[in-house]
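J.: Mind looking at a prediction? Sequence and model below.
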Protein chains: 2
Amino acid sequence: MEYGSLALFYDITDQEVEAMIHCFCMRRCQFQTGQTICTYGENAGEVGVLTRGEAELVRLDYGGNRTILERLETGGVFGESLAFTPLLGDCVEVVSAGSSEVLFMEYSHIMKRCENACTHHSKLVQNMFRLVTEQTRQLSQRVEVLSRRSIRDKLMCWFQLRRLASGADSFTLPFTLSALADYISADRSAMMRELKRMKAEGLVEMDGRRVTLRTGEG
Amino acid sequence: MEYGSLALFYDITDQEVEAMIHCFCMRRCQFQTGQTICTYGENAGEVGVLTRGEAELVRLDYGGNRTILERLETGGVFGESLAFTPLLGDCVEVVSAGSSEVLFMEYSHIMKRCENACTHHSKLVQNMFRLVTEQTRQLSQRVEVLSRRSIRDKLMCWFQLRRLASGADSFTLPFTLSALADYISADRSAMMRELKRMKAEGLVEMDGRRVTLRTGEG
DNA sequence: TGAATCATGTTGCACTGGCAACATGTTCCT
DNA sequence: AGGAACATGTTGCCAGTGCAACATGATTCA
């Protein structure tokens, strides 16, 4: 097992990780498609790392609607203490997409300074920090987009963020148009309509999921 | 100076903080009302702590609109590496509200493990971690609210989060109704209209900024 | 290969909510 | 006390958007 490729264990040797697994009493578990990896509300003090496979952070609200809050790739971390507080009546859980493997650990164990002040321990904390910071960045970008009033403004805002990230006026959507509608929290058909208008006005060009912005730095 | 009361320095003695100030080459600065404490884009590697006073994280977009992204109290931390990436053409800055004092430090200094593996250093990292985690929670709540389609749903979602936080069906708005409209990213007058309807339907009661929810755990 | 499921694309209709333009109450500053 | 600046409250108008209900192409699975 190469742990080094996982962001959480960056700059920590596999031996050190093995030592921590033992020292922190981490649990390693396997999951299959559709299996619930964890349910928020239970084991709130636990943090998980996806060491293999993919998973989805989904919410089931009391009306039965299913929302994908986040898609987790290998290396992704999750845990109630890290982010989402479910609304009363809602249920948030991490579900395995395909076969996956997860390493569970106690949040308090990570944060508590251990007696022997091991180097890898503080590296772990720093890595965790980097991951949470990155998530914060993602979230504030989403807030940025969602706080626009119109579908057009939301799209333009998001496109500009993508352009900034890609460094070029052309970039490829990282997910489907339906998912984009979810992301900007708009009706899909209304979004399609607006996209069509924007294309007609020459604001953007689109070829499948390839987007080209035709605006100055607005 | 009692640093212990600041969340960033929790569980670190004032002597240790003083030592770190020296060791990390932190800069201490004073500001008056309206003075710019820092501008995102410059000194991206710096983190600041508000050791006295209050400040606002504001955005000026290219159209000249001014948005308050966050209000910082004493103990608040800010820094580009922690959150917001300004859109191209936008300008994000921290502005002092009243007289304030700020301690600046290098992000890399905090994260880099120092040679002498000092205890207070890793405590600092842990505290910083807690702060960022808390911010993540705030942001995901805001996303939660903003992703609702209608003003009514946004309000109800936010009210329910407040209820959850306060533990009672009654709670007081932490800011003005105008600011609430900004928070849910809706037109103020439209929000007032919707609030009136909700009151008429008996969903909520309002007396000034005192809100009472009249619903089961929806 | 056929069926099922999903993504994309389109349109009509109804209504929400953004905008502008007010009035009044409250707070704060000089 | 007078006035500026702000918070609250209200209304008419209508563009934009959500919703429902389709059609068609793409992908997946048995």
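T.: Noted; the coordinates are in hand. Numbering: from 1, shown residues only, chains lettered A, B, ... in the order given.

J.: alpha carbons only for contacts and neighbour counts from here, please
T.: OK.

J.: which residue is nearest the middle of chain A?
T.: Residue closest to the average C-alpha location in chain A (Cα atoms, centre = their mean): A:Glu70, at 4.6 Å.

J.: Would you confirm that that residue contacts A:Glu56?
T.: Yes: because the distance of 6.0 Å satisfies Cα atoms under 8 Å, A:Glu70 is recorded as touching A:Glu56.

J.: and the residue nearest to the centre of chain A, what does it touch?
T.: A:56-58 (Cα atoms under 8 Å, 6 or more residues apart in numbering or on different chains).

J.: If we use 6 Å, what do you get?
T.: A:Glu70 makes contact with A:56-57, according to Cα atoms under 6 Å, 6 or more residues apart in numbering or on different chains.

J.: same thing with the one 5 residues further on?
T.: A:Gly75 is in contact with A:6, A:50-51, counting by Cα under 6 Å, 6+ apart.

J.: Let me see the ranges of the strands in chain A.
T.: Assigned by DSSP state E, the strands in chain A fall at A:27-31, A:36-39, A:46-60, A:66-72, A:77-78, A:91-106, A:170-172, A:204-207, A:210-213.

J.: wait, which of these is closest to DNA strand C?
T.: strand A:204-207 (7.4 Å; Cα to the nearest atom of the strand).

J.: Run me through the strand neighbours of the closest one, direction for each.
T.: Using DSSP bridges, strand A:204-207 pairs in its sheet with strand A:210-213 (antiparallel).

J.: Please export the C-alpha coordinates of the partner strand as CSV.
T.: C-alpha atoms of strand A:210-213 as CSV (Å, rounded to 0.1, in the frame of the first residue of the first chain):
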residue,chain,number,x,y,z
ARG,A,210,-16.0,22.5,-24.2
VAL,A,211,-16.6,26.2,-23.3
THR,A,212,-14.9,29.2,-24.7
LEU,A,213,-15.4,32.6,-23.1
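
J.: Quick check: longest helix in chain A by residues?
T.: Using DSSP state H, we find that the single longest helix of chain A is helix A:119-146.

J.: Run the angle between that helix and helix B:119-146 for me.
T.: In terms of direction (axes from the mean of the first three to the mean of the last three Cα atoms, to 10 degrees), helix A:119-146 departs from helix B:119-146 by 30 degrees.

J.: Output the contacting helices and strands for helix A:119-146.
T.: Contact here means 3 or more Cα pairs under 6 Å, 6 or more residues apart in numbering or on different chains; DSSP states H and E; on that basis helix A:119-146 packs against helix A:151-166, helix B:119-146.

J.: in stretch A:26-41, what's buried?
T.: Using 16 or more other Cα atoms under 10 Å in any protein chain shown as the test for burial, stretch A:26-41 gives A:26, A:31, A:35-40.

J.: so what's the residue nearest to the centre of chain A bridging to?
T.: In beta-bridge terms (that is, DSSP bridges), A:Glu70 pairs with A:Leu57.

J.: and stretch A:14-33, how far from the chain's centre?
T.: Relative to its parent chain, stretch A:14-33 has a centroid offset of 22 Å by Cα atoms, centre = their mean, to the nearest Å.

J.: quick one: that stretch near DNA strand C?
T.: No: figure legend: stretch A:14-33 not in contact with DNA strand C (Cα under 7 Å from any atom of the strand); closest approach 14.0 Å.

J.: That stretch close to DNA strand D?
T.: No: using Cα under 7 Å from any atom of the strand, stretch A:14-33 stays clear of DNA strand D, with a minimum separation of 10.6 Å.

J.: End to end on that stretch, go ahead and measure it.
T.: 28 Å (Cα to Cα, to the nearest Å).

J.: Can you pull the residues of chain A lying near DNA strand D?
T.: Taking Cα under 7 Å from any atom of the strand as the contact definition, chain A meets DNA strand D at A:149-152, A:185-191, A:194.

J.: so which pair among the residues you listed is furthest apart in space?
T.: The largest distance within these, taken as Cα to Cα, falls between A:Arg149 and A:Ser189 and amounts to 17.2 Å.

J.: Who does the spatially closest residue to A:Thr172 that is not a sequence neighbour form a beta bridge with?
T.: Closest residue in space to A:Thr172, ignoring its immediate chain neighbours: A:Arg210 at 4.5 Å, by Cα to Cα, 6 or more residues apart in numbering or on different chains. Under DSSP bridges, the beta-bridge partners of A:Arg210 are A:Thr172, A:Asp207.

J.: likewise A:Gln30?
T.: Here A:Gln30 sits in beta bridges with A:Glu101, going by DSSP bridges.

J.: give the contact list for A:Ala44.
T.: A:Glu80.

J.: ok, now which ones touch A:Leu8?
T.: Going by Cα under 6 Å, 6+ apart, A:Leu8 touches A:127-128.

J.: should've said A:His109
T.: Shown in contact with A:His109 (Cα under 6 Å, 6+ apart): no residues.

J.: how close does it get to DNA strand D?
T.: 39 Å (Cα to the nearest atom of the strand, to the nearest Å).

J.: And the pLDDT at that residue?
T.: In this model, A:His109 is scored at 81, pLDDT.

J.: With A:Glu217 instead?
T.: 50.

J.: Equivalent analysis for A:Gly79, please.
T.: The predicted local confidence for A:Gly79 is 86.

J.: Now that it has come up, it's in contact with A:Val49, right?
T.: No: if you go by Cα atoms under 6 Å, A:Gly79 and A:Val49 don't touch, sitting 9.0 Å apart.

J.: JSON lines for the helices and strands packed on helix A:119-146, including mean pLDDT and mean neighbour count?
T.: Output for those, formatted as JSON lines (pLDDT from 0 to 100; neighbours: other Cα atoms under 10 Å in any protein chain shown):
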{"stretch": "helix A:151-166", "mean pLDDT": "92", "mean neighbour count": "18"}
{"stretch": "helix B:119-146", "mean pLDDT": "85", "mean neighbour count": "21"}
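
J.: Relative to A:Gln138, which of those helices is closest?
T.: So among the helices and strands packed on helix A:119-146, helix B:119-146 is nearest, using Cα to Cα, at 9.8 Å.

J.: Is the closest one in proximity to DNA strand C?
T.: No: taking Cα under 7 Å from any atom of the strand as the criterion, helix B:119-146 and DNA strand C are apart, separated by no less than 10.5 Å.

J.: Also stretch A:148-164?
T.: Yes: against DNA strand C, stretch A:148-164 shows contacts by Cα under 7 Å from any atom of the strand at A:149-150.

J.: can you list contacts of that stretch?
T.: A:145, A:169.

J.: same thing with stretch A:16-26?
T.: Under Cα under 6 Å, 6+ apart, the answer for stretch A:16-26 is A:104-105.

J.: Fine, thanks again, bye for now.
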